[in-house]
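Novice: Sequence below, structure please.
(chains A and B)
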Amino acid sequence: AQSVTQLGSHVSVSEGALVLLRCNYSSSVPPYLFWYVQYPNQGLQLLLKYTSAATLVKGINGFEAEFKKSETSFHLTKPSAHMSDAAEYFCAVTRNSGNTPLVFGKGTRLSVIA
Amino acid sequence: ETGVTQSPTHLIKTRGQQVTLRCSSQSGHNTVSWYQQALGQGPQFIFQYYREEENGRGNFPPRFSGLQFPNYSSELNVNALELDDSALYLCASSSEGQGEKLFFGSGTQLSVL
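Specialist: Have a look, this model is predicted:
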(Lines give C-alpha, C1' and ligand atoms only; values in the text may rest on other atoms or scores of the structure.)
Protein backbone atom coordinates (compact mmCIF):
# COMPACT_ATOMS: atom_id res chain seq x y z
CA ALA A 1 0.00 0.00 0.00
CA GLN A 2 1.10 3.54 -0.65
CA SER A 3 0.57 6.64 1.41
CA VAL A 4 1.82 10.16 1.90
CA THR A 5 2.02 12.26 5.04
CA GLN A 6 2.07 16.01 4.83
CA LEU A 7 3.57 17.58 7.90
CA GLY A 8 1.70 20.70 8.94
CA SER A 9 -1.88 21.34 7.93
CA HIS A 10 -1.19 25.07 7.80
CA VAL A 11 2.00 26.94 6.96
CA SER A 12 2.31 30.71 7.10
CA VAL A 13 5.19 32.66 5.53
CA SER A 14 5.96 36.28 4.82
CA GLU A 15 6.00 37.54 1.26
CA GLY A 16 9.51 37.03 -0.12
CA ALA A 17 10.39 34.31 2.39
CA LEU A 18 11.27 30.70 1.64
CA VAL A 19 8.37 28.30 1.21
CA LEU A 20 8.90 24.74 2.48
CA LEU A 21 6.05 22.24 2.44
CA ARG A 22 6.87 18.79 3.72
CA CYS A 23 5.81 15.44 2.31
CA ASN A 24 6.93 11.96 3.31
CA TYR A 25 5.83 8.91 1.39
CA SER A 26 5.49 5.21 1.98
CA SER A 27 5.67 2.84 -0.95
CA SER A 28 6.68 -0.78 -1.38
CA VAL A 29 7.53 -0.17 -5.04
CA PRO A 30 9.31 2.68 -6.83
CA PRO A 31 6.93 5.60 -6.62
CA TYR A 32 5.80 8.39 -8.81
CA LEU A 33 5.32 11.53 -6.70
CA PHE A 34 3.35 14.67 -7.37
CA TRP A 35 2.55 18.05 -5.96
CA TYR A 36 -0.78 19.65 -6.81
CA VAL A 37 -2.12 23.10 -5.96
CA GLN A 38 -5.76 23.93 -5.36
CA TYR A 39 -7.07 27.47 -5.32
CA PRO A 40 -10.42 28.20 -3.62
CA ASN A 41 -13.41 26.70 -5.44
CA GLN A 42 -11.20 25.15 -8.10
CA GLY A 43 -9.89 21.74 -9.08
CA LEU A 44 -6.33 20.51 -8.82
CA GLN A 45 -3.48 21.86 -10.89
CA LEU A 46 -0.27 19.89 -11.29
CA LEU A 47 2.78 21.78 -9.99
CA LEU A 48 5.39 19.12 -10.65
CA LYS A 49 6.02 15.39 -10.69
CA TYR A 50 8.80 12.92 -10.07
CA THR A 51 8.82 9.88 -12.35
CA SER A 52 12.22 8.30 -11.64
CA ALA A 53 14.29 10.65 -13.77
CA ALA A 54 16.13 13.57 -12.14
CA THR A 55 15.72 13.70 -8.36
CA LEU A 56 15.42 17.50 -8.37
CA VAL A 57 12.23 18.40 -10.16
CA LYS A 58 11.34 21.88 -11.29
CA GLY A 59 7.72 22.84 -11.70
CA ILE A 60 5.56 25.78 -12.55
CA ASN A 61 5.47 29.12 -10.73
CA GLY A 62 9.02 28.75 -9.42
CA PHE A 63 8.36 25.65 -7.30
CA GLU A 64 10.70 22.69 -7.09
CA ALA A 65 10.92 19.46 -5.12
CA GLU A 66 13.67 16.98 -4.40
CA PHE A 67 13.13 13.23 -4.21
CA LYS A 68 15.19 11.77 -1.36
CA LYS A 69 14.84 8.01 -1.25
CA SER A 70 16.92 7.66 1.93
CA GLU A 71 14.54 9.99 3.74
CA THR A 72 11.39 8.90 1.84
CA SER A 73 10.69 12.58 1.34
CA PHE A 74 9.53 14.83 -1.48
CA HIS A 75 9.43 18.31 0.03
CA LEU A 76 8.19 21.27 -2.01
CA THR A 77 10.15 24.53 -1.96
CA LYS A 78 10.07 27.99 -3.46
CA PRO A 79 12.80 30.54 -2.73
CA SER A 80 10.55 33.56 -2.47
CA ALA A 81 6.85 33.46 -1.63
CA HIS A 82 4.37 35.59 -3.52
CA MET A 83 0.90 36.55 -2.39
CA SER A 84 -0.55 34.56 -5.28
CA ASP A 85 0.99 31.35 -3.84
CA ALA A 86 -1.63 31.29 -1.08
CA ALA A 87 -3.56 28.05 -1.71
CA GLU A 88 -3.93 24.43 -0.62
CA TYR A 89 -1.12 22.10 -1.64
CA PHE A 90 -1.42 18.35 -1.95
CA CYS A 91 1.29 15.74 -2.21
CA ALA A 92 0.33 12.50 -3.96
CA VAL A 93 1.90 9.13 -4.75
CA THR A 94 1.23 6.33 -7.20
CA ARG A 95 3.03 3.30 -8.53
CA ASN A 96 5.15 3.74 -11.60
CA SER A 97 3.02 1.55 -13.84
CA GLY A 98 -0.08 2.13 -15.91
CA ASN A 99 -3.27 3.73 -14.71
CA THR A 100 -2.95 3.27 -10.98
CA PRO A 101 -4.82 5.82 -8.86
CA LEU A 102 -3.21 8.67 -6.98
CA VAL A 103 -3.13 8.55 -3.20
CA PHE A 104 -3.24 12.06 -1.77
CA GLY A 105 -2.11 13.55 1.48
CA LYS A 106 -4.47 15.64 3.57
CA GLY A 107 -3.06 18.88 2.24
CA THR A 108 -1.21 21.90 3.57
CA ARG A 109 -2.77 25.32 3.46
CA LEU A 110 -0.20 27.99 2.64
CA SER A 111 -0.84 31.54 3.79
CA VAL A 112 1.38 34.40 2.61
CA ILE A 113 1.57 37.48 4.79
CA ALA A 114 2.32 40.89 3.28
CA GLU B 1 -7.63 25.22 -18.44
CA THR B 2 -7.40 21.42 -18.57
CA GLY B 3 -10.15 20.65 -21.06
CA VAL B 4 -11.99 18.54 -18.46
CA THR B 5 -15.43 19.94 -17.72
CA GLN B 6 -17.79 18.93 -14.94
CA SER B 7 -21.45 19.69 -14.40
CA PRO B 8 -23.16 20.96 -12.43
CA THR B 9 -20.74 23.09 -10.44
CA HIS B 10 -22.91 23.07 -7.34
CA LEU B 11 -25.74 20.84 -6.22
CA ILE B 12 -27.92 20.57 -3.13
CA LYS B 13 -29.73 17.34 -2.35
CA THR B 14 -31.63 15.83 0.53
CA ARG B 15 -30.61 12.72 2.42
CA GLY B 16 -31.91 9.59 0.70
CA GLN B 17 -32.07 11.15 -2.76
CA GLN B 18 -30.03 10.11 -5.78
CA VAL B 19 -27.61 12.29 -7.73
CA THR B 20 -25.81 12.14 -11.08
CA LEU B 21 -22.65 14.11 -11.75
CA ARG B 22 -21.19 14.48 -15.23
CA CYS B 23 -17.71 14.83 -16.68
CA SER B 24 -16.40 15.45 -20.17
CA SER B 25 -12.84 14.24 -20.68
CA GLN B 26 -10.03 16.07 -22.38
CA SER B 27 -9.92 15.27 -26.08
CA GLY B 28 -8.02 12.05 -26.76
CA HIS B 29 -8.28 10.75 -23.20
CA ASN B 30 -9.93 7.34 -22.77
CA THR B 31 -9.56 6.94 -19.00
CA VAL B 32 -11.62 8.75 -16.38
CA SER B 33 -11.13 8.71 -12.62
CA TRP B 34 -13.42 10.10 -9.94
CA TYR B 35 -12.29 11.42 -6.59
CA GLN B 36 -14.18 12.59 -3.51
CA GLN B 37 -12.71 15.48 -1.54
CA ALA B 38 -14.34 16.05 1.82
CA LEU B 39 -13.88 19.40 3.53
CA GLY B 40 -10.35 19.76 4.85
CA GLN B 41 -9.18 16.47 3.33
CA GLY B 42 -7.25 15.32 0.33
CA PRO B 43 -9.06 13.74 -2.61
CA GLN B 44 -9.92 10.05 -2.23
CA PHE B 45 -10.12 7.69 -5.20
CA ILE B 46 -13.63 6.41 -5.93
CA PHE B 47 -13.17 4.50 -9.18
CA GLN B 48 -11.73 4.59 -12.65
CA TYR B 49 -13.23 3.79 -16.03
CA TYR B 50 -11.29 2.69 -19.09
CA ARG B 51 -13.02 2.04 -22.40
CA GLU B 52 -16.44 1.97 -20.73
CA GLU B 53 -15.46 -0.62 -18.08
CA GLU B 54 -14.73 -0.09 -14.41
CA ASN B 55 -10.98 -0.52 -14.04
CA GLY B 56 -10.29 -0.08 -10.36
CA ARG B 57 -12.25 0.98 -7.31
CA GLY B 58 -11.43 2.59 -4.00
CA ASN B 59 -13.04 1.96 -0.63
CA PHE B 60 -16.51 3.22 -1.51
CA PRO B 61 -19.82 1.33 -1.15
CA PRO B 62 -21.80 0.01 -4.15
CA ARG B 63 -24.25 2.93 -3.98
CA PHE B 64 -21.45 4.85 -5.72
CA SER B 65 -21.58 3.76 -9.34
CA GLY B 66 -20.43 5.09 -12.66
CA LEU B 67 -20.67 4.96 -16.39
CA GLN B 68 -18.36 5.82 -19.23
CA PHE B 69 -19.78 6.46 -22.66
CA PRO B 70 -18.31 5.74 -26.12
CA ASN B 71 -17.16 9.37 -26.37
CA TYR B 72 -15.32 8.79 -23.05
CA SER B 73 -17.50 11.20 -21.08
CA SER B 74 -18.52 9.84 -17.71
CA GLU B 75 -21.13 9.93 -14.99
CA LEU B 76 -20.91 9.36 -11.27
CA ASN B 77 -24.13 8.21 -9.63
CA VAL B 78 -24.72 8.14 -5.92
CA ASN B 79 -27.84 6.50 -4.51
CA ALA B 80 -29.38 6.86 -1.06
CA LEU B 81 -27.41 10.00 -0.28
CA GLU B 82 -26.02 10.39 3.21
CA LEU B 83 -24.92 13.56 4.98
CA ASP B 84 -21.29 12.40 4.77
CA ASP B 85 -21.52 12.37 0.99
CA SER B 86 -21.27 16.15 1.09
CA ALA B 87 -17.99 16.88 -0.67
CA LEU B 88 -16.29 18.19 -3.77
CA TYR B 89 -16.33 15.52 -6.48
CA LEU B 90 -13.45 15.71 -8.91
CA CYS B 91 -13.16 14.07 -12.28
CA ALA B 92 -9.78 13.50 -13.90
CA SER B 93 -8.94 12.18 -17.34
CA SER B 94 -5.83 10.60 -18.76
CA SER B 95 -4.76 8.75 -21.86
CA GLU B 96 -4.01 5.04 -22.04
CA GLY B 97 -0.98 4.03 -20.01
CA GLN B 98 -0.44 7.63 -18.92
CA GLY B 99 -2.09 7.48 -15.53
CA GLU B 100 0.50 9.80 -14.05
CA LYS B 101 -0.65 12.56 -16.39
CA LEU B 102 -4.02 13.34 -14.85
CA PHE B 103 -5.99 16.39 -15.86
CA PHE B 104 -8.56 17.47 -13.29
CA GLY B 105 -11.83 19.29 -13.74
CA SER B 106 -12.96 22.03 -11.37
CA GLY B 107 -15.30 19.70 -9.55
CA THR B 108 -18.92 19.51 -8.45
CA GLN B 109 -19.67 20.70 -4.94
CA LEU B 110 -22.40 18.45 -3.52
CA SER B 111 -24.23 19.40 -0.35
CA VAL B 112 -26.52 16.84 1.27
CA LEU B 113 -29.00 18.26 3.77
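Novice: Near chain A, which residues of chain B are found?
Specialist: Within chain B, the positions near chain A by CB under 8 Å from any CB of the partner chain are B:2, B:4, B:31, B:33, B:35, B:40-45, B:48, B:50, B:55-56, B:58, B:90, B:92, B:94, B:96-100, B:102, B:104-107, B:109. Placement of C-beta: from N, CA and C, glycine included.
Novice: ranges for the strands of chain B?
Specialist: Ranges of strands in chain B, per DSSP state E, are B:5-7, B:10-13, B:19-24, B:31-37, B:44-50, B:53-57, B:64-68, B:74-78, B:87-94, B:103-104, B:108-112.
Novice: Also chain A?
Specialist: Going by DSSP E, chain A shows strands at A:3-7, A:10-14, A:19-26, A:31-38, A:44-50, A:56-58, A:64-68, A:73-78, A:87-95, A:103-104, A:108-113.
Novice: now the ones you listed as a markdown table including mean neighbour count, distance to chain B and mean pLDDT?
Specialist: Listed next are the strands of chain A as a markdown table, based on neighbours: other CB atoms under 10 Å in any protein chain shown; distance: least, CB to the nearest CB, whole Å; pLDDT from 0 to 100:
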| stretch | mean neighbour count | distance to chain B | mean pLDDT |
| --- | --- | --- | --- |
| strand A:3-7 | 17 | 8 | 95 |
| strand A:10-14 | 14 | 11 | 97 |
| strand A:19-26 | 19 | 11 | 97 |
| strand A:31-38 | 24 | 5 | 94 |
| strand A:44-50 | 21 | 4 | 93 |
| strand A:56-58 | 14 | 13 | 95 |
| strand A:64-68 | 18 | 14 | 95 |
| strand A:73-78 | 21 | 14 | 98 |
| strand A:87-95 | 23 | 5 | 94 |
| strand A:103-104 | 23 | 3 | 94 |
| strand A:108-113 | 17 | 9 | 97 |
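Novice: Dump those strands to a markdown table, plus distance to residue B:73.
Specialist: Listed next are those as a markdown table, based on distance: least, CB to CB, whole Å:
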| stretch | distance to residue B:73 |
| --- | --- |
| strand A:3-7 | 30 |
| strand A:10-14 | 37 |
| strand A:19-26 | 33 |
| strand A:31-38 | 23 |
| strand A:44-50 | 20 |
| strand A:56-58 | 32 |
| strand A:64-68 | 33 |
| strand A:73-78 | 33 |
| strand A:87-95 | 24 |
| strand A:103-104 | 24 |
| strand A:108-113 | 33 |
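Novice: can you tell me which of those comes nearest to residue B:27?
Specialist: Among the strands of chain A, the nearest to residue B:27 by CB to CB is strand A:44-50 (18.0 Å).
Novice: Report all helices and strands that that closest one contacts.
Specialist: strand A:31-38, strand A:56-58, strand A:64-68, strand A:73-78 (3 or more CB pairs under 8 Å, 6 or more residues apart in numbering or on different chains; DSSP states H and E).
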